[in-house]
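A.B. asks: sequence below, structure please.
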Amino acid sequence: MGLTPLLGFGYRELPLTPSGFTAGLTLFCVVPTTLGVGISLVRSCKGNEALALFLTVVTNVVAIFIMPFWLKAMFSDSSGLNLHVDITTMFVKLLITVLVPAVIGKALRDLVKPVRQFAVRRRTALGIFSTCNLAFIVWLVLSGARDVLLDQKFVDILYVILLGVAQHLIYLVFNFTIVWFILRMPAPEAVAAGLMASQKSSPVAVTVISYITNDVVQQGLMAIPALVGQIFQVFIGSALVPLFTRVVKRWEAAQDAHILAGQGTATAAASGAEEGRGTGEGEELCGSSVCELVGQGSKSCAEGKDAATAAAGATAAGTEPGSEQASDTSSSCKGGDVEKGQAAGSKDGNHQQLRQRRQDQQD
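C.D. replies: Residues are numbered from 1 along each chain as shown. Below you'll find the predicted structure:
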């Protein structure tokens, strides 16, 4: 509603015959997005359906307040379309016919439980009833201009069709350029925003036409571009569904691969930390065992040296017990050497056990 109406300033300069076609194309640039068609297309493309619904509600509410000003600028006296727009009158009519019924319906649905249950049970039937009412409005408007429409040349109708298609294609190119290359939105949100911003509502256009002029012939001529435009919006959108679906699925696959890669990195980091913790515990255990064994051997050897010194003193004194004590001391020292050898062997065994334990942890 902020930029797409600008195309209307170009369309109002087209020299179509009759001028009602030009006025209809101009007005169709100003109306908000479709009520249900756009959401259905977004759902089919795997886009963000919640965003599509949000854009539908916001644009249709905002249009009540800004559409009268756009129409006043479009159909000024200098435009040559001979249409008078009273901003206050149009605002009041839009407020009464669009906003008030929507607010009342929403309030009843949320606050009155039987109404909510009825709306849920009869959702399909209510949708069909709403569509039929819109079709009756269109039929009523076109019936008033039946004779004039039948008198129009096929070439004039073809121009209207081609211009309606061109309008939608211009909007698609412009909006998807914005959401993909400037805003860089994720694919589901980009599809929803691009499609919804490129849609225009023919029922709203027909309603507004009835507020601008009371001439039924003029109303019928102005309604033709809006009806043709929305029909080809559906055709073009349906043709683009496979393309947008592939884009969204490719984006989702890339996101899943990125998440899995992140999980793999985290798992590898956790495994590395666990391995480092196991190695540190093994080195600490090995160091404690070796130090304990070496300490015991050193203590035994020191005791043997003290005993040998005592035995030497006793031998110098010429006593037999001293000889026996020296012999015992020598045996003790030899025993200390044997214990050192056993400790070294035990150390090698401990290292082998620790290496085996780390291997088991890694496995």
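A.B. asks: what lies in contact with stretch 145-159?
C.D. replies: 16-18, 21, 142, 216-221, 223-224 (C-beta atoms under 8 Å, 6 or more residues apart in numbering). For glycine as for every other residue, the C-beta is placed from the backbone atoms N, C-alpha and C.
A.B. asks: Met222 touches Ser19, doesn't it?
C.D. replies: No: counting by C-beta atoms under 8 Å, Ser19 is not a contact partner of Met222; they are 9.6 Å apart.
A.B. asks: more crowded one of these two?
C.D. replies: Using other C-beta atoms under 10 Å, the more surrounded residue of Met222 and Ser19 is Met222, with 32 against 19.
A.B. asks: which non-adjacent residue is nearest Ala193?
C.D. replies: Excluding the flanking residues, the one nearest Ala193 by C-beta to C-beta, 6 or more residues apart in numbering is Val179, at 4.9 Å.
A.B. asks: my guess is that neighbour contacts Ala192, does it?
C.D. replies: No: the criterion here is C-beta under 8 Å, and Val179 misses it with Ala192 at 9.0 Å.
A.B. asks: tell me which of the two has more neighbours.
C.D. replies: Ala192 (29 against 20).
A.B. asks: ramachandran angles for the more buried one?
C.D. replies: phi -60, psi -50 (degrees, to the nearest 10).
A.B. asks: could you check the pLDDT of it?
C.D. replies: Looking at Ala192, its pLDDT stands at 95.
A.B. asks: same check on Phe154?
C.D. replies: So, for Phe154, pLDDT stands at 88.
A.B. asks: could you look up the SS state of Glu13?
C.D. replies: Secondary structure of Glu13, reduced to three states by DSSP: H, G, I helix; E, B strand; the rest coil: coil.
A.B. asks: and the next helix or strand past the helix or strand Phe54 falls within?
C.D. replies: Phe54 is part of helix 49-74 when elements are defined by DSSP states H and E. Sequence-wise, the next helix or strand downstream of helix 49-74 (DSSP H and E) is helix 87-94.
A.B. asks: isn't His168 up against Gly229?
C.D. replies: Yes: if you go by C-beta under 8 Å, His168 and Gly229 touch, sitting 6.7 Å apart.
A.B. asks: between those two, which contacts overlap?
C.D. replies: In contact with both His168 and Gly229: Lys200, using C-beta under 8 Å, 6+ apart.
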